[in-house]
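A.B. asks: Here's a sequence, model it:
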Amino acid sequence: MSTPAVLRKKQASMPADQAMAQTGSGLVIGLTTVAIFIALGEIVPRSGLVSRVVMPTGGDVVTAFWRLVTGGYWLSHLRATMTAVGIAWVIGAVLGLFLGIAMGVSAFTRKVVNPYVIAFQALPKIVLAPLFIGWLGFGAPSKVAIAVVICFFPVWVDTMIGLSLPTEREYTFLRALRASRWQVFRMLQLPSALPLIMVGLKHAVLLAFTGVLVAEILAASAGGLGVLAESYAGQLLMPLTFAVILVVVFIAVSLVAILDRLEHRIVFWSEAGRARTSIAAIKKEGKGR
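C.D. replies: Purely as a prediction, here's the structure:
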């Protein structure tokens, strides 16, 4: 069982005051850690150990962040990045689901395609970036293509593994009830796979974000937050560079939080059930290796 699930289970079995105390302790630890990092960010540059040109203080970053978000010039870059991320994530998710379902429900397809899956997994995806830039140019299509190649793989693999989780006993039971192939998929395989599919979708959105930012840095003429950060860093405007990084972190955390809420709506069964599904998937993947 995953650590968060274990903690929630312990909190559910303990008295309310103890659970509140444990939650409060975790909050205090988190806030203390953040406070330490903020203090170090102020002390180290001011002490002269690191030049403020390279490492700005927290105050410098906050001021630069306010300049960035109140100035309208960054919105076009934000729009370019988020549009590319959204398109890449949707395309990657659809491709991953399609291939994952095809391989998850058909043993023949899995045997045929599996060698290519292994080869593709071993390939560092970023080495394909020069090819896409050469084929599609320095605009939005190339960075979308790079992000799709990077982000669709976790959806593909997690869907395939999730659909193969049901046991032979469960298949035998449904066959005894004369369930059709579609009913087996809809009533057994898909519910078993949903937790892993949601994990794959969350992983994919972060990889799509990473792929778009990397592509923007490589193809600077396409615009986006990656171009903005590279431009500021090239001019040694490090407070503004850190401000762009803060925007990126905020967006990434927000995207994962949205998908977390969506997961709890779609995968509405118990945390323990999701944990058991994940453990079974890990064991199955380990046996496959």
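
A.B. asks: for this structure, which spans come out with low pLDDT?
C.D. replies: 1-28, 30-31, 34-35, 37-54, 220-222, 268-289 (pLDDT under 70).

A.B. asks: let's see it at 90
C.D. replies: Within the chain, the segments meeting pLDDT under 90 span 1-81, 99-147, 149-154, 156-158, 160-200, 210-253, 255-289.

A.B. asks: hey, where'd the strands end up in it?
C.D. replies: With DSSP state E applied, the chain shows no strands anywhere along its length.

A.B. asks: Which residue ranges make up each domain of it?
C.D. replies: 12-50, 53-288 (automatic domain parsing).

A.B. asks: Mean neighbour count for those domains - can I get that in JSON lines?
C.D. replies: C-beta here means a position set from N, CA and C on the backbone, and glycine is covered the same way. Formatted as JSON lines, the domains of the chain follow (neighbours: other Cβ atoms under 10 Å):
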{"stretch": "domain 12-50", "mean neighbour count": "11"}
{"stretch": "domain 53-288", "mean neighbour count": "17"}
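
A.B. asks: Let me know whether Arg110 touches Met160 as I believe.
C.D. replies: Yes - using Cβ atoms under 8 Å, Arg110 is in contact with Met160, at 7.3 Å.

A.B. asks: got any residues that touch both of these two?
C.D. replies: 103-104 (Cβ atoms under 8 Å, 6 or more residues apart in numbering).

A.B. asks: Hmm, Met187 is touching Arg181, no?
C.D. replies: No - using Cβ under 8 Å, Met187 is not in contact with Arg181; the gap is 11.1 Å.

A.B. asks: show me the contacts for Leu259.
C.D. replies: Counting by Cβ under 8 Å, 6+ apart, Leu259 makes contact with 198, 201-202, 205.

A.B. asks: Tabulate those residues (CSV), appending distance to Leu255.
C.D. replies: Formatted as CSV, these follow (distance: Cβ to Cβ, whole Å):
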residue, distance to Leu255
Met198, 13
Leu201, 10
Lys202, 8
Val205, 5
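
A.B. asks: Hmm, Ser192 is touching Tyr171, no?
C.D. replies: No - using Cβ under 8 Å, Ser192 makes no contact with Tyr171, being 11.3 Å away.

A.B. asks: The residue of the chain positioned farthest from its centre and Leu237: what is the separation?
C.D. replies: Largest separation from the mean C-alpha position in the chain: Ala176, at 40.1 Å (Cα atoms, centre = their mean). Using Cβ to Cβ, to the nearest Å, Ala176 is found at 69 Å from Leu237.

A.B. asks: hang on, the earlier thing: what is the nearest of the contacts of Leu259 to Val62?
C.D. replies: Val205 (27.5 Å; Cβ to Cβ).

A.B. asks: In contact with the closest one, which residues?
C.D. replies: So Val205 contacts 85, 89, 151, 255-256, 259 (Cβ under 8 Å, 6+ apart).

A.B. asks: Surely Asp132 and Val144 touch.
C.D. replies: To be clear, residue 132 is Phe; Asp isn't right here. No - using Cβ under 8 Å as the test, Phe132 is too far from Val144 to be in contact (9.0 Å).
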